[in-house]
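[1] Show me how the following folds:
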Amino acid sequence: MGKDTRISGYMFESALEAGLAAAGVNTRLLGPMPTPGIAYLTRTLRAQAGIVISASHNPYYDNGIKFFSTEGTKLPDELEHKIEYYLDQSMITVESAQLGKAQRISDAAGRYIEFCKASIPASIDFSGLRIVVDCANGATYHIAPHVFREVGAEVIEIATEPDGLNINEKCGATKTDLLKNAVINYRADLGIALDGDGDRLIMVDDTGEEVDGDELIFIIAKARKVAGKLQGPVVGTQMTNLGMEHALKNLKLIYCALM
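    Numbering: from 1, shown residues only. From the prediction side, this is the model:
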């Protein structure tokens, strides 16, 4: 079980920990952790399920709960509906001797940092790159800057001082003015803005121009095709711009959209 940096996350965490213990379920507490990190650790810790306490890019006063399967993937809709059904039923508890236990994973952030670094090919050289990283005062504040520093980049970090109330406030992937200004003022090579729970990003080039998700997918797909490493189609969503589909077609790349 992990959370972002909202002040209410601590209340949710305590309530869930108590309820799960009362039902005889053991929990591993990850603390503030990006949603993809919770998915990764759910799988590598061989947990039976993962729980994310977050409201993503929404303001601090919103919060919610999301579940992952044992593989760290989204649950099928029918299983989510079943969970919603049981929320309205009487709680099933166990005898005192069978109560669940909670264990805090103190090196959760370090494990995810190493995973992120390992996903970057050693052939990619970050030395000499100046990168501005906007963590939205959210769950990546203690992870993203370390990842880029440890692979050799010079990192200017912004919005990395969460206080429980400032998550996504005039910063992050949905409000990029702070990042754009920082990239220009620090003469950085690029900027990266994450949202509050770290499962989406927007990038900014060295001129302060925003590079959105469709453009990023195209850049990655083209680079992998040139390198001879692109296997299978390029996958987008229903929100993917038609222009990207045409651009991929011009490169003779197959595109498919998730429904």
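
[2] which ones are touching Glu161?
    137, 141 (C-beta atoms under 8 Å, 6 or more residues apart in numbering). For glycine as for every other residue, the C-beta is placed from the backbone atoms N, C-alpha and C.

[3] does it sit in a helix or strand, and which one?
    Assessed by DSSP states H and E, Glu161 sits outside every helix and strand.

[4] all strands of the protein, in order?
    2-3, 27-29, 31-32, 50-53, 65-68, 102-104, 130-134, 154-158, 190-194, 201-204, 210-211, 234-236, 255-257 (DSSP state E).

[5] mind checking which of the ones you listed is nearest Lys180?
    strand 201-204 (5.5 Å; C-beta to C-beta).

[6] so how far is that closest one off the chain centroid?
    13 Å (C-alpha atoms, centre = their mean, to the nearest Å).

[7] Now it: buried residues?
    The neighbour-count check on strand 201-204 (16 or more other C-beta atoms under 10 Å) flags 201-204 as buried.

[8] and of those residues, the nearest to Ile83?
    Leu201 (29.0 Å).

[9] what's the burial count for the nearest residue to that closest one once chain neighbours are set aside?
    Ranked by C-beta to C-beta, 6 or more residues apart in numbering and with sequence neighbours excluded, the top spatial neighbour of Leu201 is Leu194, at 5.0 Å. Neighbours of Leu194 under the rule other C-beta atoms under 10 Å: 26.

[10] Report the contact partners of Leu194.
    34, 133-136, 138, 140, 144, 172-173, 200-201.

[11] Can you pull the domain assignment for this protein?
    2-110, 124-213, 214-257 (automatic domain parsing).

[12] ok, and the closest non-adjacent residue to Ser56?
    Using C-beta to C-beta, 6+ apart, the closest residue to Ser56 is Asp197 (5.1 Å).

[13] In this structure that neighbour contacts Ile53, no?
    No. Between Asp197 and Ile53 there is no contact under C-beta atoms under 8 Å: 9.2 Å.

[14] Which of the two has more residues huddled nearby?
    Asp197 (32 against 26).

[15] so who does that one touch?
    Per C-beta under 8 Å, 6+ apart, neighbours of Asp197: 4, 34-35, 52, 54-57, 138-139.

[16] What are the contacting residues of stretch 174-192?
    By C-beta under 8 Å, 6+ apart, stretch 174-192 touches 57, 129-134, 144, 156, 158-159, 168, 170-171, 193, 195, 201-208, 210.

[17] List only those of those flagged as buried.
    Buried among the contacts of stretch 174-192 by 16+ other C-beta under 10 Å: 57, 129-134, 144, 156, 158-159, 168, 171, 193, 195, 201-204, 208.

[18] gap between stretch 93-109 and the chain center?
    That offset, for stretch 93-109, works out to 25 Å (C-alpha atoms, centre = their mean).

[19] Distance across that stretch, terminal residue to terminal residue?
    Separation of the first and last residues of stretch 93-109 by C-alpha to C-alpha, to the nearest Å is 32 Å.

[20] So which bits of the helix or strand of the chain with the lowest mean pLDDT are buried?
    Least confident helix or strand, the chain: strand 255-257 with a mean of 87, by mean pLDDT, DSSP states H and E. For strand 255-257, burial by neighbour count (16+ other C-beta under 10 Å) applies to Tyr255.

[21] Note down every partner strand of it and its orientation.
    strand 234-236 (parallel) (DSSP bridges).

[22] List the buried residues in the strand it pairs with.
    Quick answer for strand 234-236 (16+ other C-beta under 10 Å): 234, 236.

[23] Equivalent analysis for stretch 46-59, please.
    For stretch 46-59, by 16+ other C-beta under 10 Å, it's 47, 50-58.
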